[in-house]
Each structure stands twice: as C-alpha cells, then as structure tokens.
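Novice: Model the structure of this input:
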Amino acid sequence: MNFLKSIIYGSEGSYDFLGVPVKFEKMETHYSFSNKQKKSSLSKSIACLADLCVTSKSFAILTGGYTHCLIHEYGHAFTCKLLKRHVCGIRISSNSALGRTSMLCNTLPSYQKSIIDTAGPFLGISYSCCKLISALALKKYISRPVAFSIAAGALIWILGEIFYALFSVIKKDGGDFGQIAKRGKVHVIAATGALLVPTTIGLTVGFKLLMK
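Specialist: From the prediction side, this is the model:
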C-alpha cells in the first residue's frame with residue numbers, strides 16, 4: 001500500500017523494485033529548461049511552462065508522473081545490471097516528477113554508456129504506449145473521461161521525453177541525451193532511432209483516443 005501511495009502521490013518511502021533499491025524523498029531539483037541562453041519569446045514561454053510542469057507535485061499526480069519517472073529510471077538501472085555493473089539505487093523527488101539513478105559504469109565503453117542513457121526514455125515512452133494501447137483496447141468498457149485522462153497523461157509524458165531529449169542535446173548538459181550528444185553524432189542518431197518506433201506508436205494511438 002505504501003508503494004502505491006509513492007508511485008501515485010509521491011509519498012516518501014524506500015522500497016525494492018524488481019531488485020533495485022528505490023527511495024522517494026524530498027530532493028532539490030536543479031534542472032531548468034529556461035536557462036539564460038537567448039531564445040525566441042515562444043521558446044522561452046515553452047521552457048518556462050516545462051519548468052512549471054516538472055516541478056509541480058499536482059502535475060505529477062494528475063499525469064501519473066511518479067510512475068513514469070520510476071519506469072524511466074528503472075530503464076537505466078536494468079540496462080546497467082544487464083551489462084554487469086553495480087546499481088546503487090534510484091532516488092525520486094517526492095515534490096516533483098524528477099529522479100536520478102546512481103550507477104557504477106564509468107569504465108564502460110562509450111557505446112554501452114549511450115545504451116544505458118537511451119534505455120530510460122525508451123522504457124518511459126514504451127510504458128506510456130502500453131497505457132495508450134490498453135485504453136484503446138478497453139475503450140468499450142471504460143468511460144470517455146477515463147480514456148481521455150489516460151491518453152492525455154501518457155501523451156504528455158511521451159512529448160515530455162522528446163522535448164527533454166531535444167533540449168538536452170542542444171545544451172549538451174547532464175541529461176540523458178546531453179551525455180549522448182557529447183559522444184558524437186552517431187550516438188545521437190542511434191539513440192533517436194531507438195525512440196522513433198515507440199514514439200510513433202504512442203502518438204498515433206494517443207491522438208486516435210483523443211479524437212474519438
């Protein structure tokens with residue numbers, strides 16, 4: 001029950017999630033989309049809106065952000081374990097939908113590091129796709145508001161992953177795709193290709209649900 005409260009409401013607690021230590025706790029979040037770089041007014045507005053969303057507990061609860069964050073971070077952790085490296089654990093902010101995975105993978109080749117970095121957004125987007133496909137399959141048995149809520153939340157996080165990846169590549173920051181970008185264009189192209197299929201499926205199914 002406590003675990004359900006954490007993944008729905010962000011309640012603080014420590015758990016073992018499929019062999020990986022997970023801790024929901026209050027954390028200071030330093031990542032910002034609206035940095036001091038020069039942007040158009042539209043870009044600046046979008047960046048400020050993104051900052052407001054990812055740091056809002058209400059937004060995280062309404063869109064299923066805590067579960068999505070856990071799945072995203074588990075993608076990194078699981079892939080790291082597959083590559084026989086130690087995973088220290090996952091930390092998720094209880095006041096926002098942001099997380100961090102601690103891993104010992106500095107000695108890995110660059111291509112394996114890129115695989116680990118890509119695995120987070122890949123699993124996050126795939127999870128949203130599963131929600132959308134389930135809602136479409138069960139549309140005869142669930143009300144329209146429920147279907148709309150599922151579709152909207154999943155689409156928000158799919159688009160959020162893409163926006164975060166794009167912004168991170170441009171800044172070459174500490175984000176997943178920022179780290180991938182530092183390793184070269186080939187890594188970025190390969191990682192983008194990996195996200196293309198689940199993103200296309202998710203957007204197609206999501207908008208189909210919303211339009212009906």
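Novice: for the protein, what helix or strand is lowest in average pLDDT?
Specialist: Lowest by mean pLDDT, DSSP states H and E among the helices and strands of the chain is helix 41-54, with a mean of 62.
Novice: Give the buried residues for the helix or strand following it.
Specialist: Downstream of helix 41-54, the next assigned helix or strand under DSSP states H and E is helix 57-63. Buried residues in helix 57-63, counted by 16 or more other Cβ atoms under 10 Å: 57, 60, 63. Every C-beta, even on glycine, is put in place using the N, C-alpha and C of the backbone.
Novice: Kindly report the same for stretch 178-185.
Specialist: Within stretch 178-185, the residues that count as buried by 16+ other Cβ under 10 Å are 178, 179, 180, 181, 182.
Novice: and what of stretch 81-97?
Specialist: Within stretch 81-97, the residues scored as buried using 16+ other Cβ under 10 Å are 85, 87, 89, 90, 91, 92, 93, 94, 95, 96, 97.
Novice: Filter those down to the ones in strands?
Specialist: Residues from the buried residues of stretch 81-97 lying in strands, with DSSP state E as the criterion: 87, 89, 90, 91, 92, 93.
Novice: Pipe the residues you listed into TSV and attach distance to residue 129 and pLDDT per row.
Specialist: As requested, those are exported to TSV (distance: Cβ to Cβ, whole Å; pLDDT from 0 to 100):
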residue	distance to residue 129	pLDDT
87	25	91
89	27	95
90	22	96
91	26	95
92	21	95
93	25	93
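Novice: ok, then the element right after the helix or strand where residue 6 lies?
Specialist: Assigned by DSSP H and E, residue 6 belongs to helix 2-9. Under the assignment DSSP H and E, the closest C-terminal helix or strand after helix 2-9 is strand 13-17.
Novice: Going by neighbour count, list what's buried in that next one.
Specialist: Within strand 13-17, judged by 16+ other Cβ under 10 Å, the buried ones are residue 17.
Novice: thinking again about what came up before, for the buried residues of stretch 178-185, which one is nearest residue 139?
Specialist: residue 180 (36.5 Å; Cβ to Cβ).
Novice: Could you give the separation of the host helix or strand of that closest one from the chain centroid?
Specialist: Per DSSP H and E, residue 180 falls inside helix 176-182. Taking the mean of its C-alpha atoms, helix 176-182 sits 15 Å from the chain's own mean (Cα atoms, centre = their mean, to the nearest Å).
Novice: contacts for that helix?
Specialist: Outside of helix 176-182, the residues that reach it under the criterion Cβ atoms under 8 Å, 6 or more residues apart in numbering are 76, 113-114, 117-118, 120-121, 164-166, 168-169, 171-172, 187-188, 191.
Novice: Filter those down to the buried ones, ChimeraX style.
Specialist: This is how ChimeraX selects the buried members of the contacts of helix 176-182, with burial counted by 16+ other Cβ under 10 Å:
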select :76,113,114,117,118,120,121,164,165,168,169,187,188,191
